[in-house]
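Trainee: Test case, fold it:
(2 chains)
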Amino acid sequence: MRQSAVIRERPPAGSVGPVAWLRTHLFGSWWSTAVTLLLGYLLLRWGLGFVDWAVVNAIWSVPAGENGQPDATICRTAEPAGACWAVIGDKARFILFGRFPYESQWRPALCVAIFLALFGISASRRCWRRELLLIWTVALSAIGVLMWGGVLGLEFVPEDMWGGLPITLILATFGLAFAFPLSVLVALGRRATDLPAVKILCVLYVELIRGVPLVSLLFMASVMFPLFMPVGMNPDKLLRAQVAFILFAGAYLAEVVRGGLQALPKGQYEAADALGLSYWQKTGLIILPQALRLVIPPLVNTFIGFFKDTSLVLIIGILDLLTAGKVAMADPVWQGVGTEIYLFLGAIYFAFCFAMSKYSRRLERSFGRARNR
Amino acid sequence: MSATTSDPRRSGPPLSGRAAPRRRIHLSWSDPLLRNIVWQVLIVGVVAGAVWYLAGNTARNLAARHIATGFGFLSHNAGIPIGEHLIDYDPSTSTYGRAILIGVLNTLKVSVAGIVLATILGTLIGVGRLSRNWLVARISGVYVEALRDLPVLLQLLFWYGLLQTLPAPKQSWHLGEAVFLSNRGIKVPLLDWQPAHGWALAAFVLGVFGTLAWRRAAARRQANTGIRPPVWPVALGLLGGVPLLVWAAFGAPFTLDVPVLRGFNFQGGGTISPEYGALLIGLVTYTAAYIAEIVRSGIQAVPAGQSEAAAALGLRPGEALRLVVLPQAMRVIIPPMTSQYLNLTKNSSLAVAVGYQDVVSIGNTTLNQTGQAIEGIALIMAVYLAISLSISLFMNWYNARIALVER
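Mentor: Numbering: from 1, shown residues only, chains lettered A, B, ... in the order given. As a prediction, this is how the structure comes out:
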């Protein structure tokens, strides 16, 4: 047995500290060193090139030409070429709010703020209770009032004047709000083995929708819905796209919810039966609260997917964020400045999706912690 | 327990042949059997009623617009100009049926190429995220994050815009005097196809089967005797040597059809159009980000003990990866990979936004010209359902083949 105290020694200098980190993580072997040098060179070169283009040589404002239009010729002729950020300053209002009456654009801006607040409230776990349903109803009605107007002294604005970011948020959020209850019913129906006819209907719905691309559903909404309606009735284009979105989202969400129902231990179902609960009591009080909690992270991921997929309404000509950007690009005044607008649009989409995916990952980790206690 | 072992508790004749005892239905709401029947009749009735109502509306609408239903329009003259076609097509004489068939082929062309390339790129990035090199891992991570959080349509439009800003054919970037990159797309030299090449290709295909058979024979020999006959010399001979000999026996013809700049455009050679290029680049880079995550999680799902055990058995790192880690990772990877392949195929319908004529684009033109909305949409959906089903069937077959066999 050792009698004297163990002398604490520092680890050898070669295995700790920044130099050792560099040696193991960047220059571990000949191969690794070569890859690091090559990638580092490319990164520096392209990164500096991008900074030159986006900041150093960028054009932040352009003079006004005759007839009041901005004169963007310097963007095309400038040498060395730089980003023409002036286009964003000129077009941002149009890209964000579309053709909404200019002096009333505080209304869609307020709607965007309400949407953000709604997402924020729904994201915090402290607020997951029944009152949330009420908050959603109030918020969505408020958004309807703000966008349409016609009451409270607000000027009426028809749907074909809406555009930009509110359309994207409306399609995604209303789509989710209506598709979610539908998807829960379909998922329950798909697992109802004692109701074979209902089960077949649900399977058919889910598999048919998931088997075809969203583009074909949107085409269906734009050319076939008018045929389905009674003669003379022609629902608005936005409403038709919204219905297609709800049907589409319902099928995908149903599969997510079904995953949660399947992941729940069988004992929970049996215990509820043993307590003598009816089917709806069992489902509402025992099964769904647990199953839905299990699938919140994949639900958020599915929602990210829908948020991105709303951009597909470009194909049927609804003026959402992406379409507004495309329209802004087509302006002859700002010829040849597509990249800047794409970067602007990309930054908006990225901000929303990145926040949601970070949130989903954090949630997954905290759920995992609770489960692996 | 398998079906053949007999249950000791059960004596007498097996019960399996006899039907379950029938229970009479009580006419009371507390009888679950009756309740189930009532619920099903109600729900099916509501759905059938809704469908009947919509169908009635549709019939009245079609009558009001004087549109005849049916697929007769497929044999009418199409007159749609189509830029890219794999089979012969002439807008003045070809039918709608042929135009849609070309659309299907174009969809398959971009989907198959996309699936292959996205798998390769995605695997590289997924492995890169696990690299010991910090820079490689970081760049792969940023790639995955950035590409997954942007709409695929935005990416497609961006790539298409970028390809359109390339220089005109006269100032095109070129690689030697053979490959040209301009705003008309990528021009590549094509092999002038002769019968000799066909025979060489046939020999190569036969060689693939021969190699596979030889590999199986070698594995059987190894199982019986412990000695593994060499595989790669035979593979080299069958895959490389024999096709080359066949080609040489036909006189080794080799001429290239090289694109040449004539006036404002190129003549000859093969073309990758900007539309196809943008669609393919966009779909591949977007789907690769998802595939990378699947590959990464698949590899991480194999416990470290597995590769350690393989090393302890004396397998080299390459063998350990190929024989121990990958087969187990594949079980985790295949099911989500299937849905990514399906997604890529469905996303190829965004071709309509960049002007590549896939089945959705041509189907849409058809229904706009003929007014046959229902038939057009039904055709598009049927095509995608067929493609989706084939991919799922193939992947399910593959999944069942590599699935864990529990004894």
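Trainee: buried residues in stretch B:276-283?
Mentor: Buried residues in stretch B:276-283, counted by 16 or more other Cβ atoms under 10 Å in any protein chain shown: B:276-283. No exception for glycine: its C-beta is placed from N, CA and C like everyone else's.
Trainee: ok now it, how far from the chain's centre?
Mentor: Centroid displacement of stretch B:276-283 relative to its chain, using Cα atoms, centre = their mean, to the nearest Å, is 15 Å.
Trainee: Return the helix or strand in chain A with minimum mean pLDDT.
Mentor: Lowest by mean pLDDT, DSSP states H and E among the helices and strands of chain A is helix A:73-77, with a mean of 74.
Trainee: can you list the residues that contact it?
Mentor: A:59, A:62, A:84, A:86-87, A:334-337 (Cβ atoms under 8 Å, 6 or more residues apart in numbering or on different chains).
Trainee: Now do stretch A:188-200: distance from first to last residue.
Mentor: Distance between the boundary residues of stretch A:188-200 (Cα to Cα, to the nearest Å) amounts to 12 Å.
Trainee: sorry, back to before: of the buried residues of stretch B:276-283, which belong to strands?
Mentor: The strands in this structure, assigned by DSSP state E, contain none of these.
Trainee: So B:R331 sits against B:A400, correct?
Mentor: No. Here B:R331 does not reach B:A400: they are 10.9 Å apart, not a contact under Cβ atoms under 8 Å.
Trainee: Compare these two (neighbour count), which wins?
Mentor: Legend: neighbour count by other Cβ atoms under 10 Å in any protein chain shown for B:R331 and B:A400, higher for B:R331 (15 against 10).
Trainee: Tell me the spacing between the more buried one and chain A.
Mentor: Separation of B:R331 from chain A (Cβ to the nearest Cβ, to the nearest Å) stands at 18 Å.
Trainee: Now the helix or strand encompassing that residue: average pLDDT?
Mentor: Using DSSP states H and E, B:R331 falls within helix B:326-347. Here helix B:326-347 scores 88 as its mean pLDDT.
Trainee: Which strands and helices lie in contact with it?
Mentor: helix B:96-129, helix B:274-300, helix B:373-402 (3 or more Cβ pairs under 8 Å, 6 or more residues apart in numbering or on different chains; DSSP states H and E).
Trainee: if we can go back for a sec, grab the two from the contacts of helix A:73-77 that are most spread out in space.
Mentor: A:I59 and A:Q335 (14.3 Å; Cβ to Cβ).
Trainee: Neighbour count: the two, which is higher?
Mentor: A:I59 (18 against 13).
Trainee: beta partners for the more buried one?
Mentor: A:C84 (DSSP bridges).
Trainee: That one contacts A:W85, correct?
Mentor: Yes. Counting by Cβ under 8 Å, A:W85 is a contact partner of A:I59 at 6.8 Å.
Trainee: Just give me the neighbour total for the residue in the stretch 151-300 of chain B that chain A sits nearest to.
Mentor: Of all residues in the stretch 151-300 of chain B, B:P151 sits closest to chain A, at 4.0 Å by Cβ to the nearest Cβ. Counted with other Cβ under 10 Å, residues neighbouring B:P151 total 26.
Trainee: list the contacts for B:A78?
Mentor: B:91, B:94-96, B:98-99, B:366.
Trainee: Tell me the one of these nearest chain A?
Mentor: B:T366 (11.6 Å).
Trainee: Quick one: mean pLDDT over the helix or strand encompassing the closest one.
Mentor: Per DSSP H and E, B:T366 falls inside helix B:359-370. For helix B:359-370, the mean per-residue pLDDT is 86.
Trainee: wait, does it contact chain A?
Mentor: Yes. For helix B:359-370, a contact with chain A is found by Cβ under 8 Å from any Cβ of the partner chain, at B:360, B:364, B:367.
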